[in-house]
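In: The sequence isn't on hand, but the structure is:
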């Protein structure tokens, strides 16, 4: 089939009629499918059921340093969990702080602490007239929700396959003292699945921010989440690179086992410089006596070591790979050559990013919804939910079964075609 | 033996010599005992080892409403946990929010949220010139640490066996709009083990605060923590009483299973009005996707229901009762009639409160420390760590073994006698 833009109004009208018939057919199926959130599927969760046996009533719950994990004590995590998570995050255990079940919560608390108490002796952000964050776009809606909640101005920075536009990042942070941070998902980014290039990471580590309390919020959520065994993205480790560049305190790095074991019942962590850790621990010691050490121990006993975790992630990949390929196949098969959309082909992570013709995203998502397929709301990948092009749609292929996904992907591409054909026809008429 | 105050200087000198000899004997024992923190002992922790078997790899992890507890979802707690914790807190499940592992963290977050976003539409506290809290004294050091950390002025309010001085509380909250809250441990209070009388709770529910965003921070940490089977304190349920009094939104109530199962690996909760819940959930939904549902389910399966929890608490009581009685026996036997100290005889909770002669507390704690017995630092029970009388000492009898506790209690009373005798002698000399 030729590109829609090259079709005559008559051809487009015929195509639309055909697509509408097909759409009706899907509507009659009364589907209830969900490609909206980055949730693991039941089969993935089954992989971690051994976690429930890792500790039983005969287990020795004393951790390496002699602490009884059942009791109060140890603010920053048990030693063996710091080692495992250190290996996972590629950082020294001394640079690791283990928290509760949610890295989002750790990020929220980091911003909240900066608001009320400031970072390393600097003015609390709540006392400043203006606080701004850079937001690579498209990006993660829950990041943007935190900064919006705290009234922080968000400045979009375009993403490319190598990472954020670093010329823009460098210039902005160097010239504006009110810019206090940037949200990054550096590996298998949300939603594109892009991984920052070596050059990008190097430039991040060498930023010269006007604000002394500027921090890179490096949410390495998908560090272990490869789809392929031999075709994996590698990222320069940012903390080490910052140290080498003479900017040791520039980065807060976050990760969790949420999409490794159980979302909501995993362990979250932060890796950062000892100066930052000391600053953060001052607050932590007021906020809590400690996090769930038994669950930390449970994770260590389940994985044993980082190799155990890597092997475990291969099993996740075996489940997810066909799902990503199913969606990519449908996109290529149904949209290839039509000139009505572009999409990413990630080698890991949880999402595929789709860009429709400008102005079509909301309608496509609406169409899909009306036929029983839930997508992430169009605009969600932008600060304030406002995608100026109205073109980006995040596809989350992990949760549905492969069968459901096949149907959902077909329907999605059908909606893209229908909405796009209508838009092009409309344009041709008004032109 | 007659009261120290009635002894002649010669008698006191002889007594001091005798006590010093005895103290030396203890020093030579090279003790390493800890009566400083309210930690359960190993024997208590053993009671909950069944928690580790409550879920295994064959367990059905779907909760009542059909949610897979292993995955994302459910912000405020799974239904069966809300029911169990509702029964524990004596509140309707609809009024319950389940959080992570620490009620201290929930209290901290409640204050932090009030600082940055305000309570139910009122001005965020960080924008006010002055924010004040009432602090019944002696009280819980970690409460005071939170308000101090946020720069909130703390006003001490004297405690009595029936609760805080309510005349003072009523007058202060009615007259000063900058007073935004009060810390309460209403049952088996920390450190006295006092329970608020019916009259006190009724007056709390009928407060007429000048500040619309005044909240009672009702930390019912020891609601289930009785020492005796038939001699238990009952508390009027504050949320219901507030509702009856026409002040439904006046109270934030906190509790956790920290000293029921495992500290650090339990579940924490809040009970409050639906208006407050709605206000809080707005923030929660930004801060996290949800708390640890698997651990919530684990607790429900372990206890089955509130009766299971009550029976479990009887086993705790069997371990703790002899410990409290050991300390009380030593206090009575060694200090009774000497007129150098007063102490509480709680029917539950985790602490005994001791009041020495004015000016002696720090020296007593120092003496005990030098002989290898660690006590809570004197002053800790007051805001800013400053006990104006320098007389209150918190005794935590739960953690040491019964044998160790016997030794520690003997040494403690010895230190009280020695320091008091010296102080009285000094006074007589200078008089």
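Out: That came through, no problem. A quick note: this is a predicted structure, and the numbers were derived from the prediction, not measured. Numbering: from 1, shown residues only, chains lettered A, B, ... in the order given.
In: Okay, helices next: where are they in the stretch 201-350 of chain A?
Out: With helices called from DSSP state H, counting those that start in this stretch, the stretch 201-350 of chain A shows them at A:238-244, A:274-287, A:293-303, A:306-335.
In: before we move on, what about the stretch 1-150 of chain A?
Out: A:9-28, A:42-46, A:79-89, A:103-117, A:141-149.
In: now those helices as JSON lines including mean neighbour count?
Out: For every residue, glycine as well, the C-beta is placed using N, CA and C. Shown next, in JSON lines, are the helices of the stretch 1-150 of chain A (neighbours: other CB atoms under 10 Å in any protein chain shown):
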{"stretch": "helix A:9-28", "mean neighbour count": "14"}
{"stretch": "helix A:42-46", "mean neighbour count": "16"}
{"stretch": "helix A:79-89", "mean neighbour count": "22"}
{"stretch": "helix A:103-117", "mean neighbour count": "23"}
{"stretch": "helix A:141-149", "mean neighbour count": "21"}
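In: Now tabulate those helices in a markdown table and tack on distance to chain B and mean pLDDT.
Out: Formatted as a markdown table, the helices of the stretch 1-150 of chain A follow (distance: least, CB to the nearest CB, whole Å; pLDDT from 0 to 100):
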| stretch | distance to chain B | mean pLDDT |
| --- | --- | --- |
| helix A:9-28 | 26 | 97 |
| helix A:42-46 | 4 | 97 |
| helix A:79-89 | 13 | 98 |
| helix A:103-117 | 4 | 98 |
| helix A:141-149 | 5 | 98 |
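In: mind putting those helices in TSV, distance to residue A:216 included?
Out: Converted to TSV, the helices of the stretch 1-150 of chain A look like this (distance: least, CB to CB, whole Å):
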stretch	distance to residue A:216
helix A:9-28	44
helix A:42-46	30
helix A:79-89	15
helix A:103-117	12
helix A:141-149	13
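In: thinking again about what came up before, which one of the helices of the stretch 201-350 of chain A has the most crowded surroundings?
Out: Of the helices of the stretch 201-350 of chain A, the one with the most neighbours on average (mean count of other CB atoms under 10 Å in any protein chain shown) is helix A:293-303, at a mean of 24.
In: coming back round to it: for the helices of the stretch 201-350 of chain A, give me CSV that also has distance to residue B:93.
Out: Shown next, in CSV, are the helices of the stretch 201-350 of chain A (distance: least, CB to CB, whole Å):
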stretch, distance to residue B:93
helix A:238-244, 44
helix A:274-287, 27
helix A:293-303, 25
helix A:306-335, 35
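In: could these go into CSV alongside mean pLDDT and distance to residue A:56?
Out: As requested, the helices of the stretch 201-350 of chain A are arranged in CSV below (pLDDT from 0 to 100; distance: least, CB to CB, whole Å):
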stretch, mean pLDDT, distance to residue A:56
helix A:238-244, 98, 37
helix A:274-287, 97, 31
helix A:293-303, 98, 10
helix A:306-335, 98, 19
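In: Of all the ones you listed, which one is nearest residue B:115?
Out: With CB to CB as the criterion, residue B:115 lies closest to helix A:274-287 of the helices of the stretch 201-350 of chain A, at 12.6 Å.
In: ok now that closest one, how far from the chain's centre?
Out: 26 Å (CA atoms, centre = their mean, to the nearest Å).
In: Show me what that helix is packed against.
Out: Where contact means 3 or more CB pairs under 8 Å, 6 or more residues apart in numbering or on different chains; DSSP states H and E, helix A:274-287 is packed against strand A:96-98, helix A:103-117, helix B:103-117, helix B:141-149.
In: Redo these as a markdown table? Include distance to residue B:231.
Out: Below are the helices and strands packed on helix A:274-287 laid out as a markdown table (distance: least, CB to CB, whole Å):
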| stretch | distance to residue B:231 |
| --- | --- |
| strand A:96-98 | 42 |
| helix A:103-117 | 42 |
| helix B:103-117 | 26 |
| helix B:141-149 | 27 |
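In: quick one: which of the ones you listed is nearest residue B:211?
Out: helix B:103-117 (11.0 Å).
In: So which elements touch the closest one?
Out: Contact here means 3+ CB pairs under 8 Å, 6+ apart; on that basis helix B:103-117 packs against helix A:103-117, helix A:274-287, helix B:141-149, strand B:215-219, strand B:251-256, strand B:268-271, helix B:274-287.
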